[in-house]
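A.B. asks: fold the following, please.
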Amino acid sequence: MGIIDEAVSRGQGALSEYEAKLFLGEHKIPVTREELVVGEDEAVAAAERLGFPVVLKACGPEITHKTERDLVQVGLDDADEVRRAYKVIVENLGSDPYDGVLVQEMIKGERELVVGLVRDPQFGPCVMFGLGGIFTEVLKDTSFRVAPIEKYDALQMMDEIKSKSILGPFRGKEAVDRDLLADILIAIGNIGMEYDAVKEIDMNPVIIQGSRPVVVDSLIILGNGK
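C.D. replies: Purely as a prediction, here's the structure:
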């Protein structure tokens, strides 16, 4: 049984971030290296394996609005900082259920994109692409295509956003690998066609590290379906 089927059978309304990244990784979508841990010692050991600096996040299918609740700790440079961050996250969770704490490599890059999937009542699954990070809701600089899409569609979507210049050489950074970005958009469309139970996907931010897009945070909402 796959990740989606297992989550649906448990009655989850969403995947945890850890589950979402595993699922995306199965579909050749580049995601952060990360480990799900329980306990400060496990967190430190995971951080040492991944390499500092790291990010710690509370993880569970019912945990949303992590940043607003101070359930994300970034830029942790050593074991002591990881231990302190772990304590803060667990304290802020209170009695809320959680699967563990996610120890994640820290991806550095100035350019942030958003990639997603929505289900339109008329057109069905649609792929979304645009400017990510804190500007997604403010600027609404996005492009949509009805799934499934081909490479031609994906490349068109990139050229349709107002902020398309950030995909080229930018502030001394190399141009984004458009082929890899197109592969991500195509894969999201295919997921929408294949998995009726996937109601919505929100990958934000997708940070450009060098030329390579990497999914740093992901939310997958589940609905009725197979």
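A.B. asks: can you list contacts of the helix or strand harbouring residue 159?
C.D. replies: Here residue 159 sits within helix 151-160, counting by DSSP states H and E. Residues from elsewhere that reach helix 151-160, judged by CB atoms under 8 Å, 6 or more residues apart in numbering: 127, 129, 143-145, 149, 164, 167, 178, 181-182, 185-186. Quick note: C-beta positions are derived from backbone N, CA and C, even for glycine.
A.B. asks: okay, domains of the protein per the record?
C.D. replies: 3-30+109-222, 34-105 (automatic domain parsing).
A.B. asks: next up, the contacts around residue 72.
C.D. replies: 55, 56, 57, 58, 66, 89.
A.B. asks: that's a helix at the first one, yeah?
C.D. replies: Pointing back at residue 55 there. No. Counting by DSSP: H, G, I helix; E, B strand; the rest coil, one finds residue 55 to be strand, located in no helix.
A.B. asks: was I right to think it contacts residue 106?
C.D. replies: Yes. Counting by CB atoms under 8 Å, residue 55 does reach residue 106; the two are 5.2 Å apart.
A.B. asks: the more surrounded of those two?
C.D. replies: Remark: of residue 55 and residue 106, residue 55 carries more neighbours, 22 against 17, as counted by other CB atoms under 10 Å.
A.B. asks: now do that one against residue 94, distance only.
C.D. replies: According to CB to CB, to the nearest Å, residue 55 stands 21 Å off from residue 94.
A.B. asks: equivalent analysis for residue 212, please.
C.D. replies: Distance, residue 212 to residue 94, using CB to CB: 38 Å.
A.B. asks: who has more neighbours out of the two?
C.D. replies: A side-by-side neighbour count of residue 212 and residue 94, using other CB under 10 Å, places residue 212 first with 15 against 7.
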